[in-house]
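Chemist: Provided below are the primary sequence and the corresponding predicted coordinates.
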Amino acid sequence: MSKRKWMVGAGIHNKRHKPVAIIGGSRLSPEEQSITDTWSAIEYIRTIFPSKERAGRFPPIIFKQQLYALVKNRTDVDREVNTLAESFRIKVFHLGRGDDEVMILITEDFTSFVKKYHGVSNNSTDSNSKYIASPSKDTVISRFLSQVVSTESDISISESVLMKKYGFKDKDLTALVNYGLITLRDAGTWWFSVPAAGQFMKIFLKGKQAALRMIRMTRFKELHLTELKRRKVPPSMKLGILYHAYDLAGSDSIKCIESTSGTLLRIIND
């Protein structure tokens, strides 16, 4: 393909497409028709998380802004995410970049990933005992998952609760930090965290920038979804174009527009 054709994109040519409607949902995939609420949106994003990355490296991670792209009312998303967290169907984790920036995991996915990542047996003994003289790695992690994760719905927890309510000692907290399960929020408070989250965010941010570049380099900084899907995905986009497209749409980095020839992705305020 010539440089000019690559820059312009198939179906766009020399004049800008006139959108016929700005849509509320993203309409990036036909499967979106089955989404009726925040939970079904979470399950859908989980299905498009690449299986290669799920093979022990990372759990299927969902970002709240991806849900905004799928569910029309953002207030409903916020409320339903809180309800799902309080019922322990999901676990919400702070990203450390902004107060509203969080990642979401289905609770079963989180616990399964932690056990697999750290090689913890499902038959670890004494996981329900609060006070153990010399806890093993398996025991500390199993206690944390069975006692804390299953009963604490907030995104952070105080040191006093961990020690007084659950019987963890200083050395246990140090171990949990080393295992990537908690990280310091401020004096006396810990964020819940996901092992290998830092590695995942590096991959995610590189892929996000690659997706933005693909759209930004077109003549009018817009590109049809079908054309975007046809293009060779850069090596840095390990999570797939759809995964990043929902993030970009939900975070208002791109606008999804229904044109006469399909869904058009347009850079916003660039």
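Modeler: That came in fine, so what should we check first?

Chemist: and N178, how many residues sit next to it?
Modeler: Look at N178: counted by other CB atoms under 10 Å, it has 11 neighbours. C-beta: built from backbone N, CA, C; applies to glycine.

Chemist: Relative to K72, how far out is it?
Modeler: Distance, N178 to K72, by CB to CB, to the nearest Å: 42 Å.

Chemist: All the strands of the stretch 1-150 of the chain, residue numbers only.
Modeler: 21-22, 62-63, 90-94, 102-106 (DSSP state E, counting those that start in this stretch).

Chemist: so which of those strands is the most packed in?
Modeler: Counting by mean count of other CB atoms under 10 Å, strand 62-63 has the highest mean neighbour count of the strands of the stretch 1-150 of the chain, with a mean of 24.

Chemist: For that strand, enumerate the helices and strands it packs against.
Modeler: Strand 62-63 is packed against helix 38-48, strand 102-106, with contacts defined by 3 or more CB pairs under 8 Å, 6 or more residues apart in numbering; DSSP states H and E.

Chemist: and that strand, what's its mean pLDDT?
Modeler: On average, the pLDDT along strand 62-63 is 97.

Chemist: go on, stretch 91-105?
Modeler: Stretch 91-105 carries an average pLDDT of 83.

Chemist: Likewise for stretch 211-224?
Modeler: pLDDT averaged over stretch 211-224 gives 87.

Chemist: what's the distance between it and the middle of its chain?
Modeler: Computed by CA atoms, centre = their mean, to the nearest Å, the chain-centroid distance of stretch 211-224 equals 24 Å.

Chemist: got a list of what the residue most central in space within the chain touches?
Modeler: Taking CA atoms, centre = their mean, the centroid of the chain lies closest to I62, which sits 2.7 Å from it. I62 is in contact with 42, 45-46, 49, 103-105, counting by CB atoms under 8 Å, 6 or more residues apart in numbering.

Chemist: is it in a bridge, and if so with what?
Modeler: Taking DSSP bridges, one obtains I104 as the residues bridged to I62.

Chemist: Quick check: the gap between it and I42.
Modeler: Here I62 is placed at a distance of 5 Å from I42 (CB to CB).

Chemist: all helices of the chain, in order?
Modeler: Here the chain has its helices, by DSSP state H, at 3-8, 38-48, 51-54, 64-70, 74-86, 107-118, 137-143, 159-160, 170-178, 197-216, 225-230, 241-250.
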